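1. Output the structure for:
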Amino acid sequence: MPDTVPERTPLHDRHVAAGAKLVEFAGWAMPVRYGSEIEEHRSVRGAAGIFDVSHMGELRVSGAGALDFLQRMTPNNVARLKPGRAHYSGLLTEDATYVDDLLVYQLDVGDYLLVVNAANLDGDLDWLRSHPHPDCTIEDHSDRYALIALQGPRAIEILQRHTATELDAISYYHFVGGAQVAGESCLLSRTGYTGEAGFELYLPPEAAPAVWDALVDSGAVPAGLAARDSLRLEAGMTLYGHEIDRTTTPYEAGLGWVVKLKKKVDFLGRDVLVDQKENGTERQLIGFELRDRGVARQGQSLFHGDEEVGTVTSGCWSPTFEKAIGTAYVPNRLAKPGTELEVAVRRRRLAAVVVPLPFYRRD
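-> Numbering: from 1, shown residues only. Alright, predicted model coming up:
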């Protein structure tokens, strides 16, 4: 049978015209880079980069029972949200491991938008619908949105040229619905996946090209998946299928801050998380940097002396620090910064040392 043709985002023609290298990612044709991924990375750290993330999935959860439903399905406290606010959370199994991580936006009372990973969209929808609530509906609205991320220290300056919305007044994890940007209506969110100040714009698909053009013309540098990955790794942000999956819990991944054990509604995985909160975990996610020349990649083994102690979850060359960095799960006894490890790379053992996460934090 012929291979499935990847879907195209509403910005596909812009990527082709800019000479992007396109790859199949989660069923979509996505730009991995436009030229130098290192320069794209540095543009975000030093000025502003623009990303097409329209492959992400959007699920609408609404009804009188929507709040109770999301309280049961996620560990963060949805009751603390208000219209115009969002938070980061997860879909957990009964074992407190990840089905997916996601953003939860409260659009209105009893009306929420869940933003999920593209590769997990169908599975997330099935998971939510397998735990039904009688007063709640779940709809896939992914085809109603294009999503543009503008990230970097110049993001506010560039975006402010194209909107009357006072951007400095939007706090982190807050958003404005119906904002006008370059003449197009969008949900304008103070969120991102790079460790920089920035915004994510949820737009009707047909509006995305005009907004993209306006922001690029004002100085935003197009950046692809490669730069997005190195940026999020420097910022210590987890990626599904790497740091989190159906074998990892929030406490192991250093994401215990999303777990609200005191909220009144029980949620999937709570008993496991209560135990881990009280008794600790056997392993934890650590950051490391290589002392020897080379780059660690996902799946490579970590050693402490002759003992294999873990597996790399993510690794890259850091354009910001000009050294190789990575993350891995190791036993708690080896998680202290300064602990010396080795990474098996192409039949060699490269010296590494545990360092605090995140690697990068904007002042």
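2. what's S185 in contact with, if anything?
-> Going by C-beta atoms under 8 Å, 6 or more residues apart in numbering, S185 touches 178-179, 203-204, 207. Every C-beta, even on glycine, is put in place using the N, C-alpha and C of the backbone.
3. repeat for A220
-> A220 makes contact with 48-50, 150, 155, 158, according to C-beta under 8 Å, 6+ apart.
4. Skip the chain neighbours and tell me the closest residue to it.
-> Leaving out its chain neighbours, the residue that sits closest to A220 by C-beta to C-beta, 6 or more residues apart in numbering is I50, at 3.9 Å.
5. hang on, that neighbour packs against P222?
-> Yes. Contact criterion C-beta atoms under 8 Å: I50 and P222 qualify, at 5.6 Å.
6. and for those two, which residues touch both?
-> Shared contacts of I50 and P222, counting by C-beta under 8 Å, 6+ apart, come down to V216.
7. Who has more neighbours out of those two?
-> I50 (27 against 24; other C-beta atoms under 10 Å).
8. Beta-bridge partners for the more buried one, please?
-> Using DSSP bridges, the bridge partners assigned to I50 are L150, P222.
9. Offset the numbering so it begins at 28, please.
-> Sure, I'll start numbering at 28, so the last one becomes I77.
10. Identify the residues contacting it.
-> By C-beta under 8 Å, 6+ apart, I77 lies in contact with 175-178, 239, 242-243, 247-250.
11. Apply 10 Å and report the result again.
-> Taking C-beta atoms under 10 Å, 6 or more residues apart in numbering, we find I77 in contact with 38, 67, 70-71, 175-179, 182, 185, 225, 228, 238-239, 242-243, 245-250.
12. what packs against the helix or strand harbouring D151?
-> Using DSSP states H and E, D151 sits within helix 148-156. Applying 3 or more C-beta pairs under 10 Å, 6 or more residues apart in numbering; DSSP states H and E, we find helix 148-156 packed against strand 84-89, helix 93-100, strand 112-119, strand 125-135, strand 138-143, strand 164-167.
13. now the second one and strand 84-89, what's the angle there?
-> Orientation of helix 93-100 against strand 84-89 (axes from the mean of the first three to the mean of the last three C-alpha atoms, to 10 degrees) gives an angle of 130 degrees.
14. And for helix 93-100, what's in contact with it?
-> So helix 93-100 is contacted by 87-90, 92, 103-106, 108, 116-119, 126, 131, 133, 136-139, 141, 154-155, 158-165, 287, 290-295, 297 (C-beta under 10 Å, 6+ apart).
15. do that again at 8 Å, thanks
-> By C-beta under 8 Å, 6+ apart, the list of residues contacting helix 93-100 from outside reads 88, 104-106, 118, 131, 137-139, 155, 158, 160, 162-163, 290, 292-295.
16. picking up where we left off before, mind checking how far the helix holding D151 is from the chain centre?
-> Put simply, helix 148-156 sits 18 Å off its chain's centre (C-alpha atoms, centre = their mean, to the nearest Å).
17. tell me the average confidence for it?
-> Helix 148-156 comes out with an average pLDDT of 98.
18. how long is stretch 357-365 end to end?
-> Terminal residues of stretch 357-365 lie 14 Å apart, using C-alpha to C-alpha, to the nearest Å.
19. pretty sure T192 belongs to a helix, no?
-> No. Counting by DSSP: H, G, I helix; E, B strand; the rest coil, T192 is not part of a helix but coil.
20. Let me see the contact set for it.
-> Counting by C-beta under 8 Å, 6+ apart, T192 makes contact with 203, 206-208, 215.
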